[in-house]
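Asker: Here is the input, now give the coordinates:
(chains A and B, ligands or ions: 2)
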Amino acid sequence: MKTEIKKQFRWGLLFFLTPVLLWLILLIVLPQIDLFVMSFRSENDAGEMVWSITNYLNFFHEPIYWLTFVRTATYSILVAFFTFVIALPVAFYITKVVKPRFQGSLTLLLLLPFWVSEMVRVYGWMILLRESGVINHFLLKLGLMTEPIEMLYRDSTMILGLVYTSMLFMVVPLISVLDSLDDSLIEAAYDLGANMWSILFKIIIPHATPGIVSGSIVVFMLTLGNYLTPNLMGGKNSLWFTEQIYNQFIASFNWNQGSAFGFLLLFLSSLVIWIGLKLSRQTLSKVVQ
Amino acid sequence: MDIDLSAQNVTKVFEEFTAVDNVSFEVENGRFFSILGPSGCGKTTLLRMIAGLTEPTKGRIEIRGENMIGISPNKRPVNLIFQHLALFPMMDVGENIAFGLQRRGEGRETIKRKVSAILDSVDLSGFDKKKIEQLSGGQQQRVAIARCLVLEPTVLLLDEPLGALDLKLREQMKVELKKLQAKIGTTFVYITHDQSEAMVMSDYVAVMHNGKFEQIDTPQNLYNKPQTPFVAQFVGDNNIWSGKIRKAEGLSAEIETDDGSVFKTKVDKALKPGLEVNLFLRPEAMVIEPDKCIEDLNRFEVIVKSILFDGANSRLLANPVNANTEILIALPQNRQYDYIQINDKIEIGWNKKSGICFKKNED
Ligand SMILES: Nc1ncnc2c1ncn2[C@@H]1O[C@H](COP(=O)(O)OP(=O)(O)O)[C@@H](O)[C@H]1O
Ligand SMILES: [Mg+2]
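Answerer: Ligands and ions are numbered 1, 2, ... in the order given. Down below sits the predicted model:
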């Protein structure tokens, strides 16, 4: 009797799981394997496809490629850092300063921009920042400038856009980690003679480290893999690594090279995160909690 | 003696609610001063105002004669031990204790020396590398105390620090705290809702009720000469009869209780006949089966309802004959009263000097 129910249950589970498994295998695992295989094949001098690691070596031999990656990674780290610097006071304000009954609505307010697509948000920024945009218009009207300036297509603007896009992914883990910080710890530190900065660096940040690290990982990964914002807001002569991959696939039609870049991006970004975890003395399991 | 801490007309209003209502007191140097009151009466709020974590709505707080209003907590020469200790879990014991010293910018060597000296004096030598969560409740307690004492505050504020401990440990820590305070001589302001803690440890106790101080006195006086009905009821156990004054003559009066007994008692001030009063009587003020020849005793008969054995603190729970009021009577454990059984009728006597009489409140 019991085993029958169990059997039924197992069949039921399988029934519901099948579409999910199929979806995972057909749409994610198989293409990945295919891409992985592809990345190790390239044309030899005779023009025939052979196994080789040329695609990977290209990355290291051509400075344009690895420099793009270094640039992308550096900017992504910067974006994660700026996002953290802005998100910490926001999260602190929401969890510790505001009356509890307003906390929910304030968090919702933070979520609001994410109800529109990234594309729309980026265009919003462009309307604000471009040469004939809203900000220039007002600055001119106020007589603060005589000539409009182009604020778009600079690295700083791109970082601004990326930070804006990433805010939520930093604020949410910070809110949850600061929520668990007992207010009396802050007060005890204050009572023992600490000023604002030592409370921040000795109490709040050490307590919030798991949240900071998990937020930073998410922001770093999302920024690294972002295509739209760097493409639309970034400078014309500086490439994001995803654009490099896109170029290989679409412009050069070199799928082998493109997939090698894709896996390099995966591997190198994991490496960066691993180093980050080691430096902050965190473990992945603690951070994902 | 020097006054370490003085509060004048301190008031704190949260929106509509007055948590601390016009409280004034002074604490002399080296005293163990307790504030005793039921939970929610405003003790923590008062302590936080002294520490500077909450600004008073009105009033003045002085430490060694210096006005503290507007001075932030990190600049005040007082330290607070929080109700739940608030030890820093991200630091070990040594770092916790060194925290305040580092903030003052003291040298590495000095800090090391002071930390190990203070750990010695709270019997935790060699614990400086331990994590907070590795310590027992009592040890955490002592770390919290050491963390404040190492800064040599003028006044140490303690917010129910023994509340989280189990009974046995609490009894032990009570004595230890008192000894520690006597040894180092720092002024302690200790708040608690546990009257035995306050009585055992303090030189002076203030009884707080609904944000007001009802009485500031020595533990002995609070117990023997309560000045308000609340103090009489809150400090130690008391039996209460409500009744009316039948006859009054200077500082003695005859009271007819609602359950029909007539008692003679002393009163603090002359009360008019006919006035509604409450009569308070300690369980130990009652003598079981008093000698027939002792005069001047109020005598009445009770029926024993149950025997509450609790070692030296044993009592009888009884009803006066023909009445439902419950009274507690101390039952000395000298084997003299072993014959008493449930439902026995026994005679009780008490001296009129033991009674405490207050006019009934309108509320
Ligand atoms: N920040 C606050 N805002 C509003 N009311 C408060 C605040 N802090 C305390 N109270 C109220 O003040 C009263 C006294 O609180 P508290 O001082 O903590 O009492 P105790 O420590 O004696 O238990 C309580 O009724 C509490 O609800
Ligand atoms: Mg309290």
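Asker: tell me which residues of stretch B:326-339 are tucked away?
Answerer: B:327-331, B:337 (16 or more other CB atoms under 10 Å in any protein chain shown). Backbone N, C-alpha and C define where each C-beta goes, glycine included.
Asker: Of those, which belong to strands?
Answerer: Among those, DSSP state E puts B:327-330 in strands.
Asker: Take those and lay them out in JSON lines including pLDDT and distance to ligand 1.
Answerer: Below are these laid out as JSON lines (pLDDT from 0 to 100; distance: CB to the nearest ligand atom, whole Å):
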{"residue": "B:I327", "pLDDT": "91", "distance to ligand 1": "30"}
{"residue": "B:L328", "pLDDT": "93", "distance to ligand 1": "27"}
{"residue": "B:I329", "pLDDT": "94", "distance to ligand 1": "32"}
{"residue": "B:A330", "pLDDT": "93", "distance to ligand 1": "30"}
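Asker: For the buried residues of stretch B:326-339, give me a markdown table that also has distance to chain A.
Answerer: Listed next are the buried residues of stretch B:326-339 as a markdown table, based on distance: CB to the nearest CB, whole Å:
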| residue | distance to chain A |
| --- | --- |
| B:I327 | 43 |
| B:L328 | 39 |
| B:I329 | 44 |
| B:A330 | 41 |
| B:L331 | 44 |
| B:Y337 | 49 |
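Asker: Quickly name whichever of those is closest to A:L17.
Answerer: Closest approach between the buried residues of stretch B:326-339 and A:L17, by CB to CB: B:L328, at 68.5 Å.
Asker: how many other residues sit next to the residue nearest to the closest one when sequence neighbours are not counted?
Answerer: Excluding the flanking residues, the one nearest B:L328 by CB to CB, 6 or more residues apart in numbering or on different chains is B:P283, at 4.4 Å. Neighbour count of B:P283, defined by other CB atoms under 10 Å in any protein chain shown: 19.
Asker: got it, and B:K292?
Answerer: By other CB under 10 Å, the residues close to B:K292 number 10.
Asker: Please report the distance of it from ligand 1.
Answerer: Relative to ligand 1, B:K292 is positioned 49 Å away (CB to the nearest ligand atom, to the nearest Å).
Asker: Which pLDDT value goes with that residue?
Answerer: Listed pLDDT for B:K292 reads 86.
Asker: Now it, what are its backbone angles?
Answerer: Main-chain torsions, B:K292, degrees, to the nearest 10: phi -60, psi -30.
Asker: So it versus B:I329, what's the distance?
Answerer: Computed as CB to CB, to the nearest Å, the B:K292 to B:I329 distance reads 19 Å.
Asker: per-residue confidence at the residue of the stretch 101-250 of chain B found nearest chain A?
Answerer: Closest approach between the stretch 101-250 of chain B and chain A, counting by CB to the nearest CB: B:R103, at 3.9 Å. pLDDT, B:R103: 95.
Asker: number of nearby residues for residue 269?
Answerer: I went with chain A, as the question did not name one. Quick note: A:S269 (other CB under 10 Å) scores 20 neighbours.
Asker: nope, chain B
Answerer: For B:K269, using other CB under 10 Å, the count is 7.
Asker: what secondary structure does it sit in?
Answerer: Three-state assignment for B:K269 (DSSP: H, G, I helix; E, B strand; the rest coil): coil.
Asker: so who does it touch?
Answerer: By CB atoms under 8 Å, 6 or more residues apart in numbering or on different chains, the contact list for B:K269 reads B:L251.
Asker: Show the pLDDT at it.
Answerer: 81.
Asker: what separates it from B:L251, distance-wise?
Answerer: 8 Å.
Asker: now B:A285
Answerer: 18 Å.
Asker: which of the two has more neighbours?
Answerer: Legend: neighbour count by other CB under 10 Å for B:A285 and B:L251, higher for B:A285 (18 against 12).
Asker: these two touch, right, that one and B:K352?
Answerer: No. In this structure, B:A285 is not within contact of B:K352 by CB atoms under 8 Å, at 10.2 Å.
Asker: Report pLDDT for residue 25.
Answerer: You didn't pick a chain, so chain A it is. 87.
Asker: Chain B is the one I meant
Answerer: pLDDT, read off for B:F25, is 96.
Asker: hang on, it in a strand?
Answerer: Yes. Counting by three-state DSSP, B:F25 is located in a strand.
Asker: Please name the residues that touch it.
Answerer: Contacts of B:F25 (CB under 8 Å, 6+ apart): B:6-7, B:33, B:206, B:213, B:216.
Asker: Relative to B:E55, how far out is the residue in chain A that ligand 1 sits nearest to?
Answerer: As assessed by CB to the nearest ligand atom, ligand 1 sits closest to A:K99 within chain A, at 9.8 Å. Between A:K99 and B:E55 the distance is 18 Å, computed by CB to CB.
Asker: Any figure for the gap between A:L265 and A:G47?
Answerer: A:L265 is 28 Å from A:G47, by CB to CB.
Asker: Pick out whichever of these two has more residues nearby.
Answerer: Set A:L265 next to A:G47 and count neighbours by other CB under 10 Å: A:L265 wins out with 20 against 6.
Asker: contacting residues for the more buried one?
Answerer: Going by CB under 8 Å, 6+ apart, the list of residues near A:L265 reads A:69, A:224-225, A:241-242, A:245.
Asker: and the lengthiest helix in chain A, what does it pack onto?
Answerer: Secondary structure of chain A per DSSP state H: the longest helix is helix A:63-92. Helices and strands touching helix A:63-92, by 3 or more CB pairs under 8 Å, 6 or more residues apart in numbering or on different chains; DSSP states H and E, are helix A:54-61, helix A:155-179, helix A:205-224, helix A:241-246, helix A:255-279.
Asker: hey, what's A:S42 bridged with?
Answerer: Applying DSSP bridges to A:S42 gives these bridge partners: A:V50.
Asker: tell me, how many neighbours does it end up with?
Answerer: Applying other CB under 10 Å, I find that A:S42 has 20 neighbouring residues.
Asker: got it, and B:R108?
Answerer: Neighbour count of B:R108, defined by other CB under 10 Å: 10.
Asker: Name the residues of the longest helix of chain A that are buried.
Answerer: For helix A:63-92, the neighbour count (16+ other CB under 10 Å) marks A:65-66, A:68-69, A:72-73, A:75-80, A:82-84, A:86-88, A:90-92 as buried.
Asker: Sketch out the low-pLDDT regions of chain A for me.
Answerer: A:1-5, A:289 (pLDDT under 70).
Asker: about what we covered before: would you confirm that the residue nearest to B:L328 contacts B:D310?
Answerer: No. Counting by CB under 8 Å, B:P283 stays clear of B:D310, with 11.6 Å between them.
Asker: Please list the residues of chain B that sit near chain A.
Answerer: Within chain B, the positions near chain A by CB under 8 Å from any CB of the partner chain are B:51-53, B:72-74, B:79-80, B:82-84, B:86-91, B:99-100, B:103-104, B:147-148, B:151.
Asker: Give me the buried entries from the residues you listed.
Answerer: For the residues of chain B next to chain A, a neighbour count by 16+ other CB under 10 Å gives the buried set as B:51-53, B:73-74, B:79-80, B:82-84, B:86-88, B:90-91, B:99-100, B:103, B:147-148, B:151.
Asker: can you count the residues close to B:D4?
Answerer: 24.
Asker: Isn't it up against B:F32?
Answerer: No. The criterion here is CB under 8 Å, and B:D4 misses it with B:F32 at 11.8 Å.
Asker: any idea where the helices of chain B begin and end?
Answerer: Using DSSP H, helices in chain B cover B:43-51, B:93-103, B:108-121, B:137-149, B:167-184, B:195-201, B:219-224, B:229-234.
Asker: and those as a markdown table, adding distance to B:V321?
Answerer: Below are these laid out as a markdown table (distance: least, CB to CB, whole Å):
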| stretch | distance to B:V321 |
| --- | --- |
| helix B:43-51 | 42 |
| helix B:93-103 | 62 |
| helix B:108-121 | 58 |
| helix B:137-149 | 48 |
| helix B:167-184 | 37 |
| helix B:195-201 | 32 |
| helix B:219-224 | 29 |
| helix B:229-234 | 25 |
